[in-house]
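Chemist: Following is a predicted model, sequence given first.
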Amino acid sequence: MPREKIDLEQDIEYLSILNEKGEIDEDLEPDMKDDLLLDLHRAMLFGRRFDERMLNLQRGGKMGTFAPIKGQEAAQLGAVACLEDKDWLVPSFRETAAEIWRGKRPKNILLAYAGFSEGGVIPKGINNLPAAIPVGTQTLHAAGIGYGIKFKGKKQVVMTFFGDGATSEGDFHEALNFAGVFNTPTIFVCQNNHWAISINRSRQSKSKTLAQKAIAYGIPGIQVDGNDVLAVYAAAKEAVERARNGEGPTFIECVTYRMSVHTTADDPKRYRSDEEVEKWEKRDPISRFQKYLKRKDLLSDEEIKEIESEIKDEIKKIVKGWEKKKKELEGRVEMFEGTFAELPAYLVEQKEEFESELPEKPEKPEDAKKQEAAEEDEEEAAEEAGEEGDDEDEKAEAEEEPEADEESEE
């Protein structure tokens, strides 16, 4: 019997369009409208600054632990920008910028990390799933949603995000196998940031690329420069078009870098060098994109300063609204609701004990309650419309907290 070579009919490509110097490969440059380019730049910058603000809040003891996105803005925004409103986003715990792009309110993100379940509510009409904390489990959800879309014959797609560590989980392999066999419209986006907590990519898999894992499941795979928002967009657009046209799933590996901590409970100085971080800081996705936009005469240094100032004011207002909402929610017993139709005795006992320890709050007059509800409705409407508001008294009262020393995070 002969020994013959099996032709797998698939190679893995690497795509890079915009390098760290802001130089572009014009033959590969995607056709993107100026407004989209500028929107992506602002979203990346907002994601970075909001991330830094959350770090300050966490270091100040005002909210719980979270997973920073610093350095990975291009990998998630370049991909999610290809989705239509009717499509589905299935995030992990490190897609803050992508979730905001898809309509999640920043105030709710802060509420969730402060321990309030109300922050996890997805606004009506937005096809996002809540962030998945268990590593890799969301890939199965995305494969299942994709199957449902195909079964109903809808022209939708579903995109899920995960890290390099998730590719070692059984759920990941089951999801790719299911999606491949049933040809679901699912786009799997791996943010390979080189570190699964303290486990380096080299110890995660011996595969030359993570993208090649797609070959085993008979689906297309591609590796892209994850710090190049144009390359990510180009690869994701192609994958979305394939999925929408009934051509099945795609696996995209975005090679990026986690420039901050894994979560705020992590100390990366214990397992990686400053030299490694500095090397990747030179490949920052935001600075290279700004160079590109400046060369296209779409952005100037003065305009960047203006955008920074706008974002600072916007985040200040978001934090103030969050602090107000947090005070309203403190001491409420809704945590005991929504699980059982009738609470079992042990939970009734816990609820009563919890209520007995709460400080008594004076009952507000009915008119005051109505006024507060009206003000909250106005705030929400302003946020949804993207308005910044002009309340000078609030601005005068709002004082920034002292900035945390970011070096302490490392």
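Modeler: Happy to help now that I have it. These numbers were taken from a predicted model, which means no experiment stands behind them.

Chemist: Show me where this structure has its strands.
Modeler: 13-15, 88-90, 158-163, 186-192, 195-196, 199-200, 221-225, 250-255 (DSSP state E).

Chemist: Dump those strands to TSV, plus mean neighbour count, mean pLDDT and distance to V240.
Modeler: C-beta here means a position set from N, CA and C on the backbone, and glycine is covered the same way. What follows is those, written out as TSV (neighbours: other C-beta atoms under 10 Å; pLDDT from 0 to 100; distance: least, C-beta to C-beta, whole Å):
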stretch	mean neighbour count	mean pLDDT	distance to V240
strand 13-15	14	98	15
strand 88-90	26	98	12
strand 158-163	28	98	8
strand 186-192	29	98	6
strand 195-196	21	94	27
strand 199-200	14	94	31
strand 221-225	25	98	13
strand 250-255	28	98	9
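
Chemist: got TSV for the ones you listed, with distance to Y147 too?
Modeler: Listed next are the strands of the chain as TSV, based on distance: least, C-beta to C-beta, whole Å:
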stretch	distance to Y147
strand 13-15	27
strand 88-90	12
strand 158-163	10
strand 186-192	9
strand 195-196	28
strand 199-200	32
strand 221-225	20
strand 250-255	16
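
Chemist: Which one of those strands lies nearest to E353?
Modeler: strand 88-90 (37.8 Å; C-beta to C-beta).

Chemist: and the closest one, what does it pack onto?
Modeler: For strand 88-90, the elements it packs on are helix 137-152, strand 158-163, judged by 3 or more C-beta pairs under 8 Å, 6 or more residues apart in numbering; DSSP states H and E.

Chemist: Now render the ones you listed as JSON lines, adding distance to K104.
Modeler: Putting the helices and strands packed on strand 88-90 into JSON lines (distance: least, C-beta to C-beta, whole Å) gives the following:
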{"stretch": "helix 137-152", "distance to K104": "15"}
{"stretch": "strand 158-163", "distance to K104": "14"}
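
Chemist: For A175, which of these is the nearest?
Modeler: Nearest of the helices and strands packed on strand 88-90 to A175, taken as C-beta to C-beta: helix 137-152 at 3.7 Å.

Chemist: packing partners for the closest one?
Modeler: With contacts taken as 3+ C-beta pairs under 8 Å, 6+ apart, helix 137-152 sits against strand 88-90, strand 158-163, helix 170-182, strand 186-192.

Chemist: sorry, back to before: tell me which of the helices and strands packed on strand 88-90 sits most buried.
Modeler: Of the helices and strands packed on strand 88-90, the one with the most neighbours on average (mean count of other C-beta atoms under 10 Å) is strand 158-163, at a mean of 28.

Chemist: and the angle for that strand with helix 170-182?
Modeler: 150 degrees (axes from the mean of the first three to the mean of the last three C-alpha atoms, to 10 degrees).

Chemist: Any idea how far strand 158-163 is from the middle of the chain?
Modeler: 10 Å (C-alpha atoms, centre = their mean, to the nearest Å).

Chemist: Can you tell me what sits against it?
Modeler: Residues outside strand 158-163 that contact it (C-beta atoms under 8 Å, 6 or more residues apart in numbering) are 76, 79-80, 83, 87-92, 94-95, 98, 135-136, 138-139, 141-142, 145-146, 149, 172, 184-193, 196, 236, 240.

Chemist: For V229, which of the helices and strands packed on strand 88-90 is the nearest?
Modeler: strand 158-163 (15.1 Å).

Chemist: For the closest one, which strands pair with it and how are they oriented?
Modeler: The pairing partners recorded for strand 158-163 under DSSP bridges are strand 88-90 (parallel), strand 186-192 (parallel).

Chemist: export those to TSV and tack on distance to R203?
Modeler: As requested, those are exported to TSV (distance: least, C-beta to C-beta, whole Å):
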stretch	distance to R203
strand 88-90	27
strand 186-192	13
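
Chemist: so what's E118 scoring on pLDDT?
Modeler: Looking at E118, its pLDDT reads 87.

Chemist: can you tell me which residues contact the closest residue in space to it that isn't next to it in sequence?
Modeler: Leaving aside its sequence neighbours, E118 sits nearest to L111 (C-beta to C-beta, 6 or more residues apart in numbering; 5.8 Å). Counting by C-beta under 8 Å, 6+ apart, L111 makes contact with E118, G119, W322, K325, K326, L329.

Chemist: How many residues are close by S117?
Modeler: 13 (other C-beta atoms under 10 Å).

Chemist: sorry, back to before: would you tell me which of the strands paired with strand 158-163 gets closest to Y271?
Modeler: Distance to Y271, taken as C-beta to C-beta, is lowest for strand 186-192 among the strands paired with strand 158-163, at 17.0 Å.
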